[in-house]
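1. how would this look folded up:
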Amino acid sequence: MSRFVCKLLQSVTQIKPGQRSICLTTVRCAESGTTGEAPTRSVIVEKDSHITLIGLNREQKRNSIDAQTAEQLTDAIIQFEADDTSPVGVLYGIGGSFCAGYDLEELEAEAQRGSLNFLLRHEGSIGPTRRHLRKPIVCGISGFCVAGGLELALLCDLRVMEDTAVLGFFNRRLGVPLSDGGSVRLAAAVGYSNALDIIETGRRVYAREAMRMGLINRIVATGTALGQAVNLAFSIAKFPIGSLMHDRNAVLENANAYNRPGFRAGTYNEIMNVTSEMISEMQEGVKRFKNSEVKGPKTDSWHIKEKTIPDWEKEEIEIEKTLQKT
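-> Numbers count the residues shown, from 1 in each chain. Alright, predicted model coming up:
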């Protein structure tokens, strides 16, 4: 049998002076004459100069997080934080989606056991989400960034979102509570009313609305989230890091729910108020979801559609194109 070795190839091209475009592709290289298969890492770490790139690599699972991935992600971020040569990182998803939240198969197994162990991991159920990161990380959001994936994106300092990507707490329909700082960070980012709207409805949030409410920092074209996130990381890393970190940490200390005592209390309340009734709801929610997948989903929640553009906006686009040509 052949052994398949996964290798990450990195290609960097210049767009404009001071900007970079990066394309990462996973390829499989066959080695003849060997037996067995090398396990694919679910988190891949690369460096572009002094920027650390951390990629979620479970494409077949929409980069959902299981226990092994959570452990690898935590290790990757801890190593990045300890790397004195890398002041800024980038977190992204390989294969078209950022992260679909907690792995459904593992969630079902935990719910059937009536276990809360996955919620009670010290660092967090999907990574090191119950503390403030020591360094800035820019999140590149493509495809679906939902449920725990949105909590993971909120962990990062800045978020770059593709114009066709989708955010939301889709875990609402499964009865799975927020457990990775989402309730604390979301309210701090978008305010009390917007946070309750997103959390209670479990609805989709598209790029323009996310930008308007302050949930994201940049909207970029589809397929460019990683490259633009890397550009943003380089634009931050060029500054004197000592004063930048001083000011960043001051914000974390002083900005409402982001201050450390308040954040610790908030994340503690988020976890410790989970009840056995919620476990029962999770069991039923997973069953409903699996049945809907067999019979055909009742909604188009996993399909990204092109947003319709009103006629007046189409006219404006045409005017802008005409002006650019003249």
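
2. from here on, just use CA atoms for contacts and neighbour counts.
-> Fine.

3. so where is this structure shaky, pLDDT-wise?
-> 1-39, 111, 114-122, 256-309, 313, 326 (pLDDT under 70).

4. with adjacent residues omitted, what lies nearest to residue 141?
-> residue 161 (4.6 Å; Cα to Cα, 6 or more residues apart in numbering).

5. just list whatever residues bridge to the one you found.
-> Following DSSP bridges, residue 161 is listed with bridge partners residue 141, residue 219.

6. was I right to think it contacts residue 216?
-> Yes: applying Cα atoms under 8 Å as the test, residue 161 and residue 216 come out as touching, 6.8 Å apart.

7. and for those two, which residues touch both?
-> residue 207 (Cα atoms under 8 Å, 6 or more residues apart in numbering).

8. who has more neighbours, these two?
-> A count of neighbours by other Cα atoms under 10 Å puts residue 161 above the other of residue 161 and residue 216, at 34 against 23.

9. returning to that earlier point: for the residue nearest to residue 141, what are its contacts?
-> Residues near residue 161 by Cα under 8 Å, 6+ apart: 140, 141, 142, 207, 216, 217, 218, 219, 220, 225.

10. quick check: the farthest pair among those residues?
-> 142 and 217 (13.9 Å; Cα to Cα).

11. quick one: which of the contacts of residue 161 is nearest to residue 231?
-> Of the contacts of residue 161, the one sitting nearest to residue 231 (Cα to Cα) turns out to be residue 225, at 9.8 Å.

12. give me the number of residues near the closest residue to the closest one other than its chain neighbours?
-> Distances taken as Cα to Cα, 6+ apart put residue 140 closest to residue 225, at 4.9 Å, once the chain neighbours are dropped. For residue 140, the neighbour count with other Cα under 10 Å is 29.

13. same check, this time on the one 4 residues further on
-> Using other Cα under 10 Å as the criterion, residue 144 is surrounded by 27 other residues.

14. residue 127 now?
-> Residue 127 has 26 neighbours, counted by other Cα under 10 Å.

15. check residue 124 too.
-> Neighbour count for residue 124, taken as other Cα under 10 Å: 21.

16. right, and it touches residue 151 too?
-> No: using Cα under 8 Å, residue 124 is not in contact with residue 151; the gap is 10.5 Å.

17. what is in contact with these two at once?
-> Common contacts of residue 124 and residue 151 (Cα under 8 Å, 6+ apart): residue 180.

18. mind putting the contacts of residue 161 into a markdown table with distance to residue 171?
-> What follows is the contacts of residue 161, written out as a markdown table (distance: Cα to Cα, whole Å):
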| residue | distance to residue 171 |
| --- | --- |
| 140 | 21 |
| 141 | 18 |
| 142 | 19 |
| 207 | 20 |
| 216 | 20 |
| 217 | 24 |
| 218 | 25 |
| 219 | 24 |
| 220 | 26 |
| 225 | 24 |
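
19. go through the residues you listed and name the one nearest residue 183.
-> Using Cα to Cα, the shortest approach to residue 183 within the contacts of residue 161 belongs to residue 216, at 16.1 Å.

20. excluding its backbone neighbours, what's nearest the closest one?
-> In space, residue 216 is closest to residue 159, 4.9 Å off (Cα to Cα, 6+ apart).

21. so what does the helix or strand hosting residue 150 touch, helix or strand wise?
-> Here residue 150, judged by DSSP states H and E, is contained in helix 148-155. Using 3 or more Cα pairs under 8 Å, 6 or more residues apart in numbering; DSSP states H and E, the elements in contact with helix 148-155 are helix 182-190.

22. who touches residue 186 in this structure?
-> Contacts of residue 186 by Cα under 8 Å, 6+ apart are 154, 195, 215.

23. for residue 222, same thing?
-> By Cα under 8 Å, 6+ apart, the contact list for residue 222 reads 142, 162, 163, 164, 165.

24. any chance you could map the helices in the protein?
-> For the chain, the helices defined by DSSP state H occupy 67-82, 104-113, 148-155, 182-190, 192-201, 207-213, 225-237, 241-254, 260-272, 276-295, 311-325.
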